[in-house]
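**Student:** 3D model of this:
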Amino acid sequence: MPVKVSVVIPVYNPGKYIDPCIDSLLRQTLPAGEFEVLFVNDGSTDDTRERLEKLAGEHPHFRVITIPNSGWPGKPRNIGVDEAKGEYVQFVDQDDYLASGALERLYAMGHRNGSDIVIGKVASNFRGVPHGVFKKNREKCTLRDAPLYDSLTPHKMFRTEFLRENGIAYPEGKRRLEDQLYMMQAYFPAKVVSILGDYTCYYYSRRDDGQNAGSAKIVPSGYYGNLREVLDVVVENTEPGAFRDMLLRRFYRVEMIGRLSEPAVLKYAPEYLDEMCDAVQDLASDFMDDGVHDGLGPVLRLRSTLLRNNDRQGLVRISRFAASVKAAARLEGFAWRPDGKIDLTISGRLVHGDDQAPLTLLRRDGRYFLHPGITEGLLPEGELLDVTDDMNGFSAELALRNRETAVEWSCPAQFTARVEELGDDVCEVVLHGSGQIGSEATGGRGRVSRGFWDVWVPLRGLGLVRKARLGADRDPAVDADCLPASLGSPARAVIPYFTDPHGNITLDVARRAKKLAEYLEGRPVRRSPGSGPTELRLDLFTGSSTASSATTLVLSPADGADGPTHQLRTTLRPTEGRAHLTVPERAPGVAPGTWKLSVRLDGDKNPAFHLCEVTVDKGGRITVSQSLPVIDAGIMHGITTKRRKAKLRRALRAVGGPIVRRLPAKGRKRARRLAARITG
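**Tutor:** Sure thing, here's the model as predicted:
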């Protein structure tokens, strides 16, 4: 069988940190006969070689190639590509790991599109992730119509012949920014790049010994000498103009100005700051002209001006101010939707300083300027930083992030920026909007995994990007609306709660730690009116796709004394947006008297949720306490009407179905229209 994918892993003294990587490769859904794993052992001095060779002996699709130590991953990756038998090559680092379906999904996308490069969604618990790249699936794109330049790590899938035909290879030996060089050399000739954004494929993992690649302090002369090679590739493959400026601006913003910004620059010793500024200025004078400078956001533009003016202490001062800038978000409203999503109403702003003062602007003659209190001493006296043309750059987003795996999902949201007056021509920009978060499958994405899912609001403005947790500042009415829920099929508990002590909103999905009984405590339980089996309506939200689930009722002594308990089976059913359960009419073998009725919502090992008191007569008949409030008449009428129509539909299908099926086509159509009118 042809090999579809060759996974290339440079290895050097990984110790225990390679275990998750190996485990993830053994769990791939792509059949073992359709991919190979190439461990390129870069002269490890521990037991790595023996361990990997033993592994290869147990798994024929694993291979080990041992080379003398080169000291850097470039040569092992090149050797892996040379040795690869697969149609595609996937690079993985020894301390990272793949999702189980990664190879199968990435290969399928690449194969159907004839892709040269396939980029899978990534997650990281320690390094920045370009979430904008993964907002949606892109079957076919290029460097010109997608923000590929924001994803310059090599942990992607490459068509093997594409790499060979274009001579794309890593520089060998110790150096910096080799990934950026490799990726830019690959992006320019790539005719088709695909992005898999609805499935997290690759996980970067923080090592507890702090030895992740790229964590060492940079030497400015070497680092920026290597960056010059990357910029040369950009210039060689573009014409002067907006496209070239956009690409150069990305490197100016991240690797150059970014390293003269907070938090790093605030920790530099004076002599190291001088080294960094010298190296950056040398490169900026050769590549970063006015076209690059003018396209920066206001704060970045100010930093660039300070760099051009050689005001090194000015760079430190603006970084000290920018370090105090935070995003502030207020939760104005929370509402469950019938489809199981949550509508959130939000406002957000940028604030600064210990007192979280608004980030203010000055309005003069119809123009907007960064408040002079911010730029004082950084610009010539009397000069202001005009931000009028940048006002449309204020924006906000909404995201769900798993606290443990760092998987992040962008959520649909719309925000409008409003200028709000503070007096004396001073104003601020406030973003008002709404969005939806949800735990269930949506937009091609599957159900989110079990865990804690925190709600984040990223805010952009004036060239700054800040993220805020949501909920600590909220409308008082929100708490009552944050019902626990049972969602999906099979049904899972989804519990919105506010963290202690910070008060930020989080979704506990599938009982990661929170329990339904705890969050239903104090919320009303209502009963159905009239005779017949009693239904209880819990204040547990259910959506249109929530499945019914079997559960257990518990009868225990009403006085709380030790004594026998009895269990009865029932079903939790979604009914008009809440969970209903039916109390059995009889409890055989239960002694007559008053009993406490509870329901197990969190499994047999956790406390049951108290529903009400019931009486059991000598014949075992159960009567629910009449002190329990009754279900709202309007809701009950709706429930009764729907059930009556559903019963009628079932009867019509049972009785009339065989007859209708024997009618001619026109007759069947008329019969179905008549049935629809009868059943509503």
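**Student:** rest of the way, CA atoms for contacts and neighbours
**Tutor:** Noted.
**Student:** Once you drop chain neighbours, what's closest to Pro73?
**Tutor:** Sequence neighbours aside, Pro10 is the residue nearest to Pro73 in space, at 5.8 Å (criterion: Cα to Cα, 6 or more residues apart in numbering).
**Student:** count of neighbours near that neighbour?
**Tutor:** The local packing count at Pro10 equals 24, with neighbours defined by other Cα atoms under 10 Å.
**Student:** can you check Pro629 too?
**Tutor:** The burial metric for Pro629, expressed as a neighbour count using other Cα under 10 Å, is 14.
**Student:** Then Phe394?
**Tutor:** By other Cα under 10 Å, neighbour count at Phe394 equals 22.
**Student:** Assess the claim that it and Arg460 are in contact.
**Tutor:** Yes: look at Phe394 against Arg460 with Cα atoms under 8 Å: they come within range, at 5.3 Å.
**Student:** Check the separation of the first and last residues in stretch 293-303.
**Tutor:** 10 Å (Cα to Cα, to the nearest Å).
**Student:** what do you get for stretch 125-133?
**Tutor:** 18 Å.
**Student:** what pLDDT, on average, does that stretch get?
**Tutor:** What stretch 125-133 shows for mean pLDDT is 91.
**Student:** One more: stretch 253-271?
**Tutor:** The average pLDDT within stretch 253-271 is 97.
**Student:** how much distance is there from that stretch to the middle of the chain?
**Tutor:** Its chain's average C-alpha position is 28 Å from that of stretch 253-271, according to Cα atoms, centre = their mean, to the nearest Å.
**Student:** what do you get for stretch 510-525?
**Tutor:** For stretch 510-525, the gap between its own C-alpha mean and the chain's C-alpha mean amounts to 25 Å (Cα atoms, centre = their mean).
**Student:** Just to check, Gly503 is in contact with Arg474?
**Tutor:** No: with contact defined as Cα under 8 Å, Gly503 does not reach Arg474; the gap is 9.3 Å.
**Student:** and those two? which has more neighbours close in?
**Tutor:** Just comparing Gly503 and Arg474: by other Cα under 10 Å the higher neighbour count belongs to Arg474, 20 against 15.
**Student:** Just want the phi and psi numbers for Leu247.
**Tutor:** As for Leu247, its main-chain torsions (degrees, to the nearest 10) stand at phi -70, psi -40.
**Student:** Around it, count how many other residues there are.
**Tutor:** A count of nearby residues for Leu247, using other Cα under 10 Å, gives 20.
**Student:** Okay, it and Tyr187: tell me how far apart.
**Tutor:** 12 Å.
**Student:** Now the phi/psi pair for the residue nearest in space to the middle of the chain, please.
**Tutor:** Among the residues of the chain, the one closest to the centroid is Glu408, at 1.2 Å (Cα atoms, centre = their mean). The phi/psi pair for Glu408 (degrees, to the nearest 10) reads phi -130, psi 140.
**Student:** burial measure for the residue nearest to Arg511 when sequence neighbours are not counted, as a count.
**Tutor:** The shortest distance from Arg511 to any residue other than its chain neighbours is 6.2 Å, reached at Ala493 (Cα to Cα, 6+ apart). When neighbours are counted by other Cα under 10 Å, Ala493 registers 25.
**Student:** Can you identify the element that follows the helix or strand where Ala493 lies toward the C-terminus?
**Tutor:** Here Ala493, judged by DSSP states H and E, is contained in strand 492-498. The C-terminal neighbour of strand 492-498 among helices and strands, as given by DSSP H and E, is strand 505-509.
**Student:** Next, the angle from that following strand to strand 492-498.
**Tutor:** With axes from the mean of the first three to the mean of the last three Cα atoms, to 10 degrees defining the directions, strand 505-509 sits at 160 degrees from strand 492-498.
**Student:** Which strands or helices does strand 505-509 pack on?
**Tutor:** Using 3 or more Cα pairs under 8 Å, 6 or more residues apart in numbering; DSSP states H and E as the contact definition, the elements that strand 505-509 packs against are strand 451-461, strand 492-498.
**Student:** next one: that strand to chain centre, how far?
**Tutor:** Shown here is strand 505-509, whose average C-alpha point lies 13 Å from the average C-alpha point of the whole chain (Cα atoms, centre = their mean).
**Student:** Now it: buried residues?
**Tutor:** When neighbours are counted by 16 or more other Cα atoms under 10 Å, the buried residues of strand 505-509 are found to be 505-509.
**Student:** mind listing what that strand pairs with, with the direction of each?
**Tutor:** In the sheet, strand 505-509 lines up against strand 451-461 (antiparallel), strand 492-498 (antiparallel) (DSSP bridges).
**Student:** correct me, but the residue nearest to Arg511 touches Leu516?
**Tutor:** Yes: using Cα under 8 Å, Ala493 is in contact with Leu516, at 7.1 Å.
**Student:** Find the residues that touch each one of those two.
**Tutor:** Contact criterion Cα atoms under 8 Å, 6 or more residues apart in numbering; residues bridging Ala493 and Leu516 by contacting each: Pro484.
**Student:** Okay, now the unreliable bits of the stretch 201-350 of the chain?
**Tutor:** Per-residue confidence for the stretch 201-350 of the chain (pLDDT under 70) gives these ranges: 210-215.
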